[in-house]
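> when you get a sec, could you give me coordinates for this:
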Amino acid sequence: MNTITLLLTSSQIERLYAAWSEFEVKAPAYARYQLKLENCTITAYQSNKVVFQGKDAMIYAAPFQTEDRLENTNLSQGKSDFRRFAKQTHAGSDEVGTGDYFGSVCVCACAVEQQDLAWLQELKVNDSKQINDEVILQTAPLLMERLAYSLLILPPVKYNQIHSQCNMNQIKAILHNQAYGHLKRKRGSLPQAAIVDQFTPEASYYRYCQGQKEVVRGLHFETKAESHYPAVACASMIARCAFLKAWDAMEKQWDMSFSKGAGSVVDQDGAAFVKKHGEQHLKEVAKLHFKNTEKVADLL
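All right, here's what the predicted structure looks like:
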């Protein structure tokens, strides 16, 4: 059994909980919460220590580790050979919005041709989480004009309908698979290397995709892939741009401002929304399975 222990910030602990709250079980003493996922149990303690235990501990812990720590682990062995494709034509996919109580889930698969790499370096394309939203809104349209991509936007009301039958990981897997299917048809074929910013083990990903009309195989799964593959970084920026535009439209539609993430300020926004528009409309702006929904009810 693999065990990884990290000291995280309160914001990171909230973000982790928001992403996996549906897997919460009874927490042990002195713990904020415990999440029992597939092949991994995550325990967040009051001291801000977070313990990841299980076969797939590395997969769930990696997004919260620094790049240096990730590179220095033996678990990343073998990835360096594959990363030669980062300097060639390749494709990548990423998602945005799964850690936010409000707003849509956006998934993008994008192809980068070898001749695009120098241009992307000039644009300083990077993971959308490392770039402010204003720059993303300026840069992503340039990427969308030049690169082949497939973008899927799942609004909250549709997300809530699907989540009644699928957990979040299955929803993400299906969206990534569909995005790659659309990209494949746009280009005629996928590049030799097609990378998924890993959010679940490969075997689980393909199990989640069972029953889909088309399952795109031969994908490479890697955590923090946006730091190593320009195509994943481009997909991340395009998805973030779509998320922000959908967010803006949502705020205009409901004449309200919403907070991102899943912290306590989000609970206040949810309560304000219900008071103004009614509980029956909450499903149109929020992901109801988040624990925030219970906290909104408590505030009311």
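> from Arg240, how far off is Asp100?
11 Å (Cβ to Cβ, to the nearest Å). Placement of C-beta: from N, CA and C, glycine included.
> Val232 too?
12 Å.
> cool, and Ala57?
28 Å.
> in terms of packing, which of those two has more residues around it?
Arg240 (24 against 21; other Cβ atoms under 10 Å).
> and the more buried one, that's in a helix?
Yes: assessed with DSSP: H, G, I helix; E, B strand; the rest coil, Arg240 lies in a helix.
> wait, it sits on Ile136?
Yes: in this structure Arg240 lies within contact range of Ile136 using Cβ atoms under 8 Å: 5.1 Å.
> low-confidence stretches in the stretch 51-200 of the chain?
Where the stretch 51-200 of the chain drops to pLDDT under 70, the residues are 66-80, 127-128.
> all strands of it, in order?
All strands of the stretch 51-200 of the chain, identified by DSSP state E, counting those that start in this stretch, fall at 90-96, 105-112, 148-154, 194-197.
> and those strands as CSV, adding mean neighbour count?
What follows is the strands of the stretch 51-200 of the chain, written out as CSV (neighbours: other Cβ atoms under 10 Å):
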stretch, mean neighbour count
strand 90-96, 29
strand 105-112, 29
strand 148-154, 20
strand 194-197, 26
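> a markdown table for those, including distance to Ala272?
Listed next are the strands of the stretch 51-200 of the chain as a markdown table, based on distance: least, Cβ to Cβ, whole Å:
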| stretch | distance to Ala272 |
| --- | --- |
| strand 90-96 | 24 |
| strand 105-112 | 23 |
| strand 148-154 | 24 |
| strand 194-197 | 33 |
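> out of these, which comes closest to Lys224?
Each of the strands of the stretch 51-200 of the chain has some distance to Lys224 by Cβ to Cβ; the shortest is strand 194-197, at 7.5 Å.
> strands paired with the closest one, and their directions?
Sheet neighbours of strand 194-197, with direction, are listed as strand 90-96 (parallel), strand 220-222 (parallel) (DSSP bridges).
> pull the residues that contact that strand.
85, 90-95, 109, 176, 180, 205, 216, 218-226, 229, 231-232, 235-236 (Cβ atoms under 8 Å, 6 or more residues apart in numbering).
> do that again at 6 Å, thanks
Ala91, Gly92, Ser93, Asp94, His176, Leu219, His220, Phe221, Ala225, Glu226, Tyr229, Val232 (Cβ atoms under 6 Å, 6 or more residues apart in numbering).
> which strand or helix spans the last one?
In this case it means Val232. helix 230-254 (DSSP states H and E).
> buried residues in that helix, which are they?
230-244, 246-247, 250 (16 or more other Cβ atoms under 10 Å).
> quick one, helices of the stretch 151-300 of the chain?
For the stretch 151-300 of the chain, applying DSSP state H, counting those that start in this stretch gives helices covering 156-163, 168-187, 202-208, 230-254, 264-277, 292-299.
> now for these, which one comes closest to Gln53?
Here helix 202-208 is closest among the helices of the stretch 151-300 of the chain (Cβ to Cβ), at 17.3 Å.
> okay, now Leu175: neighbour count?
22.
> pull the contacting residues for the nearest residue to it once chain neighbours are set aside.
Closest residue in space to Leu175, ignoring its immediate chain neighbours: Val107 at 4.0 Å, by Cβ to Cβ, 6 or more residues apart in numbering. By Cβ under 6 Å, 6+ apart, the contact list for Val107 reads Glu95, Leu152, Leu175, His176, Ala179.
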